[in-house]
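A.B. asks: Provided below for reference: sequence and predicted model.
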Amino acid sequence: MKRIAPLASTLMLTLAGTSFGTARAADQREDGENRDSLPTVNVSAPGANRARSASVAGFDDAPLLDTPASVSVVSAAQISNQQSRLLSDVVKNDAAIGENYAPVGYYENFSIRGITLDPGSAYRIDGLSAAGEQSIALENKERVEFLKGVAGLQAGVVAAGGLVNYVTKRPADVRSVTLGTDSNGSRYLATDLGTLFGEHKQFGLRINAAHEDIHSYVNGADGWRDFASLAGSWAITSKTLLQFNAEYQKKSQHSVAGYQLLGGTTLPTNVSPRTMLTPQSWAQPVRDASLNYNLRLDTELAAGWRAYVLAGRSRAVIDDSTAFPYGSGTFASTSFAANGDFDVYDYRVPNDERRNDDAQAAVIGKFDTGAILHELTVGLALTRRVIDKPDGVNDLVGSGNIAGTPALPASTLVSGPAYRNLDNRQKAVFATDRLHFSRQWQALVGGRQVWMDEQAYSSGGTVSRFTHRNVFLPQLALIFKPIDNMSLYGSYAETLTLGTTAPFWTSNPAGTTLPPSVARQLEAGIKYDATAELALTAALFRIRKAYEYQQPDNSATGFTYVQQGRQTNTGIELGANGKLTPRLQLGASAAITRARASGTGTAAYDDQQAVNVPRLRTTVYADYAVPGVDGLNVMGSWLYSSSKPVTRDGSVNLPAVHVFNTGVRYQLRMGGHSATLRLNIDNVFDKRYWKDAGQYLGDSYVHLGAPRTARLSLQTDF
């Protein structure tokens with residue numbers, strides 16, 4: 001059946017939105033912000049400059065200059081100007097962040113500082129954990145914040161790479177519609193409708209909706225996406241603000257499997273990013289539906305004190321179905337054959353549900369003890385994550401080759417029912433105290449006490465593993481400000497990292513998960529606001545974590561999954577963000593990362609660069625307002641990655657790559673309304689390259705980067 005309803009319903013929302021506040025002009029505030037700004041409400045405009053605050057590194061918005069951690073922020077304006085649809089489009093603005101198993105048509109994952117993020121805890125919406133097994137929509141996001149490095153104080157049980165926090169747009173008087181397409185023939189429609197109402201503008205609503213017909217550059221990987229969100233606010237009194245957010249997305253798209261090494265030693269050659277390795281008539285698109293919502297109540301208490309309560313749920317349900325190429329010759333083979341042959345599996349895992357429930361309450365205030373000013377935050381958090389899914393089907397149905405795959409029969413096997421796989425519950429209390437000793441010296445002392453209970457279940461419903469941990473995770477920092485626009489800091493932090501699950505082809509019992517471990521980080525940095533509009537940053541860090549890998553041995557399978565030795569990631573990050581001149585907006589970053597294993601028990605792996613971690617990555621983004629032509633901006637970006645390992649022994653590496661993007665933006669008037677026309681061309685020189693060598697469930701895959709792609713959109717503001 002032809003899918004017309006989502007497009008029509010989105011258009012209806014747009015038309016209905018024209019009735020929002022037709023009488024609003026009389027009392028609309030010039031800055032377009034909600035008067036009930038408790039907490040602070042940030043509104044971005046197309047010409048918005050650099051971010052000055054973020055909440056991802058703590059429990060409330062804080063100035064970046066006073067934050068003793070590496071934080072980067074990508075605003076809604078930059079997301080719009082780059083026409084970003086996925087997080088992979090956003091992370092290209094920061095050299096410290098890379099893709100780690102992010103195939104076309106599937107939910108993406110990433111690494112920060114060379115450490116893979118945990119989808120169960122590293123992705124957050126408005127400070128609450130979100131199920132990372134979804135493509136979180138960007139249409140209703142004010143900004144995306146990245147905390148680089150250990151985040152035990154902020155999140156407790158989380159991988160050592162860091163956090164990604166999506167901040168949703170707040171209600172405002174806004175009405176806009178965006179139409180878009182690309183060189184593959186995709187169609188895109190999005191609306192942003194908001195109003196403030198009531199005698200004192202104490203109520204606010206904002207609706208974002210989008211429909212996308214996805215025409216992928218990969219043959220046979222087309223799909224569609226529907227999205228809708230609602231944000232509400234109510235200033236109950238001048239001191240109490242209630243906020244609500246809900247977003248729903250449904251997506252269906254054929255996923256694109258990655259390649260494996262030929263014979264375990266060679267990268268495939270003469271392959272195209274437009275090729276689907278295993279096109280089969282019975283292969284189904286991956287379907288996922290996600291619902292995220294939260295409720296927050298802020299209130300002012302006594303002078304200098306306030307509190308908030310925040311609670312939410314994130315739920316993602318994935319129907320995974322594909323003709324999957326894997327190994328060659330035997331089920332235990334983990335690479336394609338030397339001649340490009342591979343086995344094809346009918347892989348189906350329907351009704352795979354991931355759910356995160358999260359609640360947090362905190363009290364924030366200031367007080368003096370003698371000459372020392374304290375900024376204290378004390379709170380508690382409750383988190384639960386459950387996974388319900390069936391064992392699914394993974395049935396060998398034939399073989400193919402990277403040069404072409406014949407038609408193969410589908411498996412006759414049927415997936416069993418879903419059952420509870422995992423139940424992770426965490427309770428935590430946290431506290432931070434920022435001590436101001438003088439105008440120049442500050443210290444941040446904090447910690448999080450975590451009680452975690454995790455149960456894993458077998459398909460029979462019995463508990464196969466129970467893990468209990470009671471751990472305190474400290475964070476300490478010292479900040480020195482020799483001048484008001486410069487800060488130097490040093491910090492120490494810990495986090496509890498969950499162990500990963502052994503691949504099916506190792507000698508470990510099925511479903512074996514390694515124990516949790518503590519990761520530690522030392523960091524020193526400098527932040528300098530060179531001008532009111534330009535920020536310069538530099539950071540030096542060292543992260544130490546447990547090393548987990550498939551250890552070669554004399555077992556029946558030849559490998560045992562172990563936690564042995566240590567991985568140490570040491571690096572330098574440099575950044576510049578803001579206006580270099582009145583006409584030139586600049587974002588530039590560089591990351592030098594040495595990620596090495598030691599004490600692994602396997603000499604070939606010791607002192608080798610970690611898989612999929614380049615030693616050097618750089619990004620440059622520029623936006624220039626053309627003189628003499630009002631409203632015309634030209635944009636460009638350059639991304640560079642040095643070579644990065646595919647294998648643990650460093651014998652195979654992805655080549656270094658340069659990718660160039662360009663674009664133009666023109667603001668004009670149409671029918672008495674302001675409009676913005678955007679044209680972006682990614683990978684201008686149509687570079688053929690391998691973008692990542694991420695690992696998934698213990699197996700290694702290499703993925704091709706996208707070919708040259710043009711995107712065109714028109715945004716009209718009413």
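C.D. replies: Good, I have the coordinates. Residues are numbered from 1 along each chain as shown.
A.B. asks: so which strand or helix has the nearest residue to V73 once chain neighbours are set aside?
C.D. replies: Nearest residue to V73, sequence neighbours excluded (Cβ to Cβ, 6 or more residues apart in numbering): A51, at 3.8 Å. The C-beta positions use only the backbone N, C-alpha and C, and glycine is treated the same way. For A51, there is no enclosing helix or strand under DSSP states H and E.
A.B. asks: Which is the succeeding secondary structure element to the longest strand seen in the chain?
C.D. replies: Counting residues, the longest strand found in the chain (DSSP state E) is strand 341-369. Later in the chain than strand 341-369, the nearest helix or strand by DSSP H and E is strand 372-389.
A.B. asks: who does that next one touch, helix- and strand-wise?
C.D. replies: Under the contact definition 3 or more Cβ pairs under 8 Å, 6 or more residues apart in numbering; DSSP states H and E, strand 372-389 sits against strand 341-369, strand 419-436.
A.B. asks: buried sites along it?
C.D. replies: 375-379, 381, 383-389 (16 or more other Cβ atoms under 10 Å).
A.B. asks: Sheet partners, orientation included, of it?
C.D. replies: Applying DSSP bridges to the sheet, strand 372-389 is found paired with strand 341-369 (antiparallel), strand 419-436 (antiparallel).
A.B. asks: what is the rounded mean pLDDT of it?
C.D. replies: Averaged over strand 372-389, pLDDT sits at 97.
A.B. asks: Show me what whatever helix or strand comes next after that strand is in contact with.
C.D. replies: Toward the C-terminus, strand 372-389 is succeeded by strand 393-401 as the next helix or strand (DSSP H and E). Applying Cβ atoms under 8 Å, 6 or more residues apart in numbering, the contact partners of strand 393-401 are 277-278, 323-325, 328, 331, 339-349, 406, 408-411, 413-415.
A.B. asks: buried subset of those residues?
C.D. replies: Buried positions within the contacts of strand 393-401, assessed by neighbour count (16+ other Cβ under 10 Å), are 277-278, 323-325, 328, 340-349, 408, 410-411, 415.
A.B. asks: Show me where the stretch 451-600 of the chain dips below the pLDDT cut-off.
C.D. replies: Within the stretch 451-600 of the chain, not a single segment meets pLDDT under 70.
A.B. asks: Now the one residue sitting closest to the centre of the chain: which helix or strand?
C.D. replies: Centre of the chain computed as the mean C-alpha position; nearest residue by Cα atoms, centre = their mean is V164, 5.0 Å away. Per DSSP H and E: V164 is located in strand 162-168.
A.B. asks: do the same with S80
C.D. replies: S80 belongs to helix 76-81 when assigned by DSSP H and E.
A.B. asks: Beyond that helix, next helix or strand please.
C.D. replies: Using DSSP H and E, the helix or strand that follows helix 76-81 towards the C-terminus is helix 87-90.
A.B. asks: coming back round to it: parallel or antiparallel, which strands does the strand holding V164 pair with?
C.D. replies: Note on strand 162-168: by DSSP bridges, its sheet partners are strand 123-125 (parallel), strand 141-148 (antiparallel).
A.B. asks: Reformat the ones you listed as CSV; add mean neighbour count.
C.D. replies: As requested, those are exported to CSV (neighbours: other Cβ atoms under 10 Å):
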stretch, mean neighbour count
strand 123-125, 25
strand 141-148, 24
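A.B. asks: so which of the ones you listed comes closest to D699?
C.D. replies: Each of those has some distance to D699 by Cβ to Cβ; the shortest is strand 123-125, at 22.5 Å.
A.B. asks: So which residues make contact with the closest one?
C.D. replies: Residues outside strand 123-125 that contact it (Cβ under 8 Å, 6+ apart): 56, 117, 129-132, 136, 155, 163-166, 168, 245, 292, 294, 312, 314.
A.B. asks: rerun at 10 Å
C.D. replies: For strand 123-125, contacts defined as Cβ atoms under 10 Å, 6 or more residues apart in numbering pick out 55-56, 87, 109-110, 117, 129-134, 136, 140-141, 145, 147, 151, 154-155, 158, 163-168, 245, 247, 292-294, 312, 314, 356, 358.
A.B. asks: Buried only: go through those residues for me.
C.D. replies: Neighbour-count burial (16+ other Cβ under 10 Å) applied to the contacts of strand 123-125 gives 55-56, 87, 109-110, 117, 129-134, 136, 140-141, 145, 147, 151, 154-155, 158, 163-168, 245, 247, 292-294, 312, 314, 356, 358.
A.B. asks: hmm, back to that, need the strands paired with strand 162-168 in TSV (columns: distance to A675 and mean pLDDT).
C.D. replies: Below are the strands paired with strand 162-168 laid out as TSV (distance: least, Cβ to Cβ, whole Å; pLDDT from 0 to 100):
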stretch	distance to A675	mean pLDDT
strand 123-125	30	97
strand 141-148	22	98
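A.B. asks: Where does pLDDT dip in the protein?
C.D. replies: Residue ranges of the chain with pLDDT under 70: 1-49, 330-332.
A.B. asks: In contact with the residue nearest to the centre of the chain, which residues are there?
C.D. replies: 56, 87, 90-91, 97, 110, 112, 117, 122-125, 130, 132, 136, 144-147.
A.B. asks: what's the distance between the helix or strand containing T560 and the middle of its chain?
C.D. replies: For T560, the host element (DSSP H and E) is strand 559-579. Centroid displacement of strand 559-579 relative to its chain, using Cα atoms, centre = their mean, to the nearest Å, is 17 Å.
A.B. asks: And the next helix or strand past it?
C.D. replies: Counting by DSSP H and E, the next helix or strand C-terminal to strand 559-579 is strand 584-598.
A.B. asks: what angle do that following strand and strand 559-579 make?
C.D. replies: Angle, strand 584-598 to strand 559-579, by axes from the mean of the first three to the mean of the last three Cα atoms, to 10 degrees: 160 degrees.
A.B. asks: and strand 584-598, how far from the chain's centre?
C.D. replies: That offset, for strand 584-598, works out to 17 Å (Cα atoms, centre = their mean).
A.B. asks: buried ones in that strand?
C.D. replies: The neighbour-count check on strand 584-598 (16+ other Cβ under 10 Å) flags Q585, L586, G587, A588, S589, A590, A591, I592, T593, A595, R596, A597 as buried.
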